[in-house]
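[1] Quick one, fold the following:
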Amino acid sequence: MTRKMVTTCEKGKLAESLIRKDKSALIDATGIYYRDLNSLLRSLDSEGIEKIQICNVYGQRYIGTNLDNHLRIDIYGTPGNDLGAFMNGANITVHGNVQDACGNTMDHGQIVVHGRAGDLVGHSMRGGKIFIRDDAGYRVGIHMKEYVSKRPIIVIGGTAQDFLGEYMAGGVLVVLGLNMKGEIRHNARFVGTGMHGGKMFIRGEVRHVGEEVTITDLTEEDTLLLKGLVEEFCGYYDLDAEKILENKFNKLIPVSSRPYGNLYAY
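    Sure thing, here's the model as predicted:
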């Protein structure tokens, strides 16, 4: 499948670093230090701006950190580490790849990535949704947890690397393997190591799982949940949900809620 990667804003090269119009803003991030860019985003948020396009992003870190309003941000380029860290309500779309720790300790909101992701996607995430079109790196969903009524969701369109769902305590992880040809067999090792809550749905076979998880079939409730998430994922990337759901999915759940309980003295 050929996918077009958009790397520049539709309006082309900007004449100014910031253009405001009504409740939207357009930022040229060329040469802007990451702290200055994030200060600008918080300032625009406080002014009532609702939609922001950021062009020419090249490694700036912490974009979207601590934003707690329903701000919509479109990023063109490659944001640096900790995109959306501690985010609480914003909606970010990245037209490109993201680096490590995307959605770190995210509490609410949504991140949609039209590309790949680095390591530690959703580290300690406790709410909101992250959709990655292509592959993700190591330790996706590590320490992911549910908090009161919040249930974090991560959907990976491609595959993920070792320690997927490590120490996962809650939430839902979905791995679709859409970039695989022939037999769908994920090569990640130690999947679910230390997992003690939540669930994973993996399309195809898993090479190696941790001792703390078991692989089982989906219940009717699981099927409905998975169907909704796959349909939402496909809506962002113009894909066929029905075709994806034709394949077998395996559910990974923890064997115990206290896998290391006998290793500690109290």
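[2] For the rest of this, base every contact and every neighbour count on C-alpha atoms.
    Fine.
[3] those helices in the stretch 1-150 of the chain, which residues are they?
    Applying DSSP state H, counting those that start in this stretch to the stretch 1-150 of the chain gives helices spanning 34-46.
[4] Okay, now the unreliable bits of it?
    Counting by pLDDT under 70, the stretch 1-150 of the chain shows low-confidence ranges at 1-16.
[5] so where do the strands sit in it?
    Secondary structure of the stretch 1-150 of the chain by DSSP state E, counting those that start in this stretch: the strands cover 18-21, 24-28, 51-58, 72-78, 88-95, 108-113, 129-132.
[6] so which of those strands gets nearest I202?
    Nearest to I202 among those is strand 129-132 (14.5 Å), distances taken as CA to CA.
[7] Distance from the closest one to the middle of the chain?
    3 Å (CA atoms, centre = their mean, to the nearest Å).
[8] Begin at 706 from now on, thanks
    Yep, numbering from 706; the last one is strand 834-837 now.
[9] Please name every helix or strand in contact with that strand.
    strand 813-818, strand 858-861 (3 or more CA pairs under 8 Å, 6 or more residues apart in numbering; DSSP states H and E).
[10] residues in contact with that strand?
    Outside strand 834-837, the residues that touch it by CA atoms under 8 Å, 6 or more residues apart in numbering are 808, 813-822, 827, 857-862, 938.
[11] Pull up the pairing partners for it, direction included.
    strand 813-818 (parallel), strand 858-861 (parallel) (DSSP bridges).
[12] Just send these back as a markdown table, with distance to E947 too.
    Shown next, in a markdown table, are the strands paired with strand 834-837 (distance: least, CA to CA, whole Å):
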| stretch | distance to E947 |
| --- | --- |
| strand 813-818 | 21 |
| strand 858-861 | 16 |
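[13] Which one, of these, ends up nearest to N771?
    N771 lies closest, by CA to CA, to one member of the strands paired with strand 834-837: strand 813-818, at 10.3 Å.
[14] How far does the closest one sit from its chain's centre?
    7 Å.
[15] got the contact list for that strand?
    775, 789, 792-803, 808, 831-838, 941.
[16] hmm, which of these are the buried ones?
    Neighbour counting by 16 or more other CA atoms under 10 Å classes 775, 789, 792-803, 808, 831-838 among the contacts of strand 813-818 as buried.
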